[in-house]
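# Quick one: sequence plus predicted model below, questions after.
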Amino acid sequence: MGDRILTSLTLQNKGHRISKAMDSVLHFVASKFSHAYTCLEVAKMTKLSRGTVFRILTLLQKQKYLHKSGERYFFCRVEDDSACHQAVICEKCGKYEETPLYEHAHPNLKFFKISSQLHEIAAICRQCQYTSAK
């Protein structure tokens, strides 16, 4: 399993027009891919309107480049978009780790053709645990 790459060229090849706003959000997502962010956080960091950011994030979610957990969006690192995923997301800072779920771990999955799935585990990352302990 390799890390996915999301660029404006990737979306252009799928027939999407790349505006300056789209390019700005793509750059943000590519540079901050280890954390989950809310639409408002992305809007503030990219200096774009929430509506514009929401439309772009929704498009990226529909294209299966992003997942949404509650109000936070995070980059889908698993290349096989039909695979079943599990994500562990820090409740404090939004840091996440994502891995596919394998059929051998869940024997009943072999009887289904999975189109998409995301299992979420809320946790507190080691860095936030350390910071809270001080």
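Right, received. Where do you want to start? Numbers count the residues shown, from 1 in each chain.

# pretty sure residue 72 is in contact with residue 95, am I right?
No. Under the criterion of Cβ atoms under 8 Å, residue 72 is not in contact with residue 95, lying 10.8 Å apart. Any C-beta I mention is one placed from the backbone N, CA and C, and that applies to glycine too.

# Now for the two: what residues contact both?
36, 89 (Cβ atoms under 8 Å, 6 or more residues apart in numbering).

# remind me which residues of the protein are low pLDDT?
Scanning the chain for pLDDT under 70 picks out the ranges 1-10, 13, 33, 77-85, 99-110, 112-119, 134.

# residue ranges of the helices in it, please?
8-13, 20-31, 39-46, 50-62, 126-133 (DSSP state H).

# which one of these lies closest to residue 88?
Of all those, helix 126-133 sits nearest to residue 88, with 11.4 Å by Cβ to Cβ.

# list the buried ones in that closest one?
Residues of helix 126-133 classed as buried: residue 128 (neighbour count, 16 or more other Cβ atoms under 10 Å).

# Quick check: can you list the domain ranges of this protein?
8-75, 84-133 (automatic domain parsing).

# With respect to burial, which of these scores highest?
Of the domains of the chain, the one with the most neighbours on average (mean count of other Cβ atoms under 10 Å) is domain 8-75, at a mean of 16.

# Residue 54 and residue 75: what is the separation?
According to Cβ to Cβ, to the nearest Å, residue 54 and residue 75 sit 17 Å apart.

# Kindly report the same for residue 66.
In terms of Cβ to Cβ, residue 66 sits 6 Å off from residue 75.

# Cool, thanks, talk later.
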